[in-house]
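Trainee: Need a 3D model of the following:
(chains A and B)
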Amino acid sequence: MTFEPKQTTERVLALAALVVAALGPVIFNDYWVDAILTQVFIVGIAAASLIFLAAYGGMISLAQTALMGSAGFMIGNMVTVGEGGGESKGLTLGWDPTLSLVLALIGTTLLGMIFGAVASRSFGIYFLMITLTFSVITFYFVGQVTIVSGFSGIGGIDRYTPGFVGDIVTDRYRLYYIALGVALGVYALIRYVGRTPFGVSLQGIRDEHVRMTSLGYVVPLHRMLAFGFAAFLASLAGILLVWWQGQIAPGDVGLGATIDLLIVAVIGGLGRIEGAWIGALAFIVINNYIRDSWLTELLDTLRIGGSFNTIIGVVFLLIVVLSPDGLMGLWDRAWSTVRRPRGGSGVTVASPAQHG
Amino acid sequence: MQRPLRLFGRVLLAAGIGFVLLYILVIAEPPPEFGGNWRTTSFGSALDDWHSFTRTLLNGLTAAGLLFIVASGFSLIFGLMRVVNMAHGSFYLLGGYIAYEVQQDMTGQGFTLVGSEVNTWEWVFPALVAVAVIGAVGLIVQQVFLRWNQGQELRQALITIAISVILADQVIAHFNDGIAVSVTWPGWTERLVELPLLGIDYSVARLVVLFLGLAVGASLWAWLHRTRTGMVIRAGVDDQQMTSALGVNIQLTFAIAFIVGSALAAFGGVVGASQGAVASGQDGQWLLNSLVVVIIGGMGSLLGAAAGSLLYGLVFAFSAVYLPTTGNDCCTQYSIVVTFVLLALVLAVRPHGLFGREA
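Mentor: Take a look at the predicted model:
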């Protein structure tokens, strides 16, 4: 076995990150644990579902936010109680939380398969546009259909968690470790699926879908199933999200939220799954610390006006202009620059941007 | 195995469309005094209430006119340059706000501007300013951000998304906090005319929208099919490299097409702001509208944009009125689902849209 300095470095870094994450509540203050890191894990899972489709399937999906939100709306409608102590909107079915959890996961996966079936014969930029319409349609659906949500959304969902999850309203560390565990599970699952025959043929479709068709693979079916799998991952993120913020509203699936998730994935890098959580960390830290900083004051003094969104837009613009495959791409490129003088083989990265 | 399945699908589709037409024309019933069933709609069928039917039809057509103005610009840019301009909705929004500001300055009336105090020029000039400004913005975006990365479709889409994020925030910062504003139609449009043959009164302003849509369509057609620039654009849509190899300055053509496409978004914004209002957040809605139209109609085709607008506009108008209205919760609020069904059906039969070609 040859010594791979890049791989070794990455493993050491990953292990260190894991140790830090496991000791999170000891190292960081409560604000960081609850508001930042838990959110990073959750948003990272959603971004990972997007990156999975991009890196393994060559599909840039803008429907992941909608699917994530759908899971939240489903569980919100199922678990909350209407009359007698409940104040929530929605259907307020008051079902058993464990059953609701399972149904929300299955329901979102099925919804993802329907979306996938409609979009599965479209490629590249067409796929992106079609999934964007799914996302916007979901937003208007939950906004208009008042019996399932309406404009103000559903609240108080975090009080109805399954027994094995326990109380997450007062015990926030519990939610932190659940989110961490699910995030690790999702990462492992994606790596595993990528190596199964299904995952390998999916990558074949990414690179040469015409050739795969002539080899006898049913391309639309593969892409639909991949979309369904990604919807399942997104639904996990959605359920954690409603537990974390306690409520779900149409704004969580709006165009802004959709673009935010895409920004997270692009900052991290669309080629590698790890990028999801790195992008989420970068985005959420920027989100928390630039909102009222010298940068927003700079906008005022320059008389440009605008808020945090202008800054995040400019940051996003700079990233796509300078490094389209994000921070992970920057990392990979840095290593291949270091290695090139010694005549190494260089690093090959699956970059969906070239297959889009 | 595939063929009988496809035949079954086609039969099912035809039966579905047939049922919807029958429902609108015959089956639907006006609301009874109490309750209602699956046949109950706001006005009943076309046989029950012919006037409401024609009015809905005209509403659909005028909506299609506005849709076409906006979406044809989107389609033009995509067809020639393969750029999905995600900032198209922002251009729409910005166009509406600029026209509003200019009109307010011209008339000096402040918020309570009534139609009778606005003459035609006071509508046309703000529209021209908005069109010119957004055309220039489009040119800058194209030259600075899109010219050097031609062919990288995803990267270009991401760049325009970033621009739309910035523009959406800047609109809130500089235009009335992003609160809904309306451009005022000139006074002579603020009345109803009785339409011959149909026997209904209909708003002149809406007919003007329909006329503007048709005028934009006709001018675009004449431009693309009867002038040299149009010829070059069509050649560029078919084969970009070959066209530039023949000595045509394709970069100049790209710039022109981007200016025209952006200007159409702004013009649509002015018309939309006159017809209803523009408000912060509508950029997403108009991006959706443009996307749906070009996905249905087929991307980069003028005919496709027209067909997509017509289909989408009609489905939108009819689903708001002819879905059953049983009880408080059903069913007109589900009209957005009909849009999704339309999209899914068209893509199931023709993956590249009605008039689209393989990319």
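
Trainee: ok, longest helix in chain A?
Mentor: Looking across chain A with DSSP state H, the single longest helix is helix A:219-245.

Trainee: what about that helix, average pLDDT?
Mentor: Average pLDDT, helix A:219-245: 94.

Trainee: Would whichever strand or helix holds B:G261 count as contacting chain A?
Mentor: In this structure, B:G261 sits in helix B:250-275 according to DSSP states H and E. No. Helix B:250-275 lies out of reach of chain A by CB under 8 Å from any CB of the partner chain, never closer than 15.7 Å. Any C-beta I mention is one placed from the backbone N, CA and C, and that applies to glycine too.

Trainee: now the next helix or strand after that helix: mean pLDDT?
Mentor: Downstream of helix B:250-275, the first helix or strand assigned by DSSP H and E is helix B:282-297. If you average the pLDDT over helix B:282-297, you get 88.

Trainee: helices or strands up against helix B:282-297?
Mentor: With contacts taken as 3 or more CB pairs under 8 Å, 6 or more residues apart in numbering or on different chains; DSSP states H and E, helix B:282-297 sits against helix A:124-144, helix A:255-268, helix B:50-81, helix B:88-107, helix B:153-174, helix B:250-275, helix B:302-322, helix B:335-349.

Trainee: rerun that using 7 Å as the cut-off
Mentor: Helix B:282-297 sits against helix A:124-144, helix B:50-81, helix B:88-107, helix B:302-322, helix B:335-349, with contacts defined as 3 or more CB pairs under 7 Å, 6 or more residues apart in numbering or on different chains; DSSP states H and E.

Trainee: Would you mark the buried spots in the third one?
Mentor: Going back to what we said before, that points to helix B:88-107. Across helix B:88-107, burial judged by 16 or more other CB atoms under 10 Å in any protein chain shown covers B:88-104.

Trainee: quick one: which of the helices and strands packed on helix B:282-297 is nearest A:A117?
Mentor: Nearest to A:A117 among those is helix B:335-349; the distance by CB to CB comes to 8.3 Å.

Trainee: what angle separates the closest one from helix B:282-297?
Mentor: 30 degrees (axes from the mean of the first three to the mean of the last three CA atoms, to 10 degrees).

Trainee: mean confidence for helix B:335-349?
Mentor: Across helix B:335-349, pLDDT averages out at 80.

Trainee: Please identify the buried residues of it?
Mentor: Within helix B:335-349, the residues that count as buried by 16+ other CB under 10 Å are B:S335, B:I336, B:V337, B:V338, B:T339, B:F340, B:L342, B:L343, B:A344, B:L345, B:V346, B:L347.

Trainee: any idea how far the second one lies from B:Q275?
Mentor: Which is B:I336. Per CB to CB, to the nearest Å, B:I336 is found 20 Å from B:Q275.

Trainee: quick one, phi/psi of B:P351?
Mentor: Backbone torsions for B:P351, taken as degrees, to the nearest 10, come to phi -60, psi -20.

Trainee: Show me where the stretch 101-250 of chain B dips below the pLDDT cut-off.
Mentor: For the stretch 101-250 of chain B, applying pLDDT under 70 flags the ranges B:109-116.

Trainee: need the strands for it, in chain order.
Mentor: B:192-194, B:201-203 (DSSP state E, counting those that start in this stretch).

Trainee: between these, which gets nearest to chain A?
Mentor: For the strands of the stretch 101-250 of chain B, the distance to chain A is smallest for strand B:201-203, at 25.1 Å, taking CB to the nearest CB.

Trainee: unless I'm mixing things up, B:L25 is touching B:A46, no?
Mentor: Yes. Using CB atoms under 7 Å, B:L25 is in contact with B:A46, at 4.8 Å.

Trainee: Which of the two has more residues huddled nearby?
Mentor: In this view B:L25 and B:A46 are compared by other CB atoms under 10 Å in any protein chain shown, and B:A46 has more residues nearby, 19 against 13.

Trainee: so how many other residues sit close to the residue lying closest to the more buried one once chain neighbours are set aside?
Mentor: Distance criterion CB to CB, 6 or more residues apart in numbering or on different chains; nearest residue to B:A46, sequence neighbours excluded, is B:F53 at 3.9 Å. For B:F53, the neighbour count with other CB under 10 Å is 23.

Trainee: cool, A:V118 as well?
Mentor: Per other CB under 10 Å, the neighbour tally for A:V118 reads 24.

Trainee: which SSE is it in?
Mentor: helix A:97-119.

Trainee: what is the orientation angle of that helix with helix A:124-144?
Mentor: 140 degrees.
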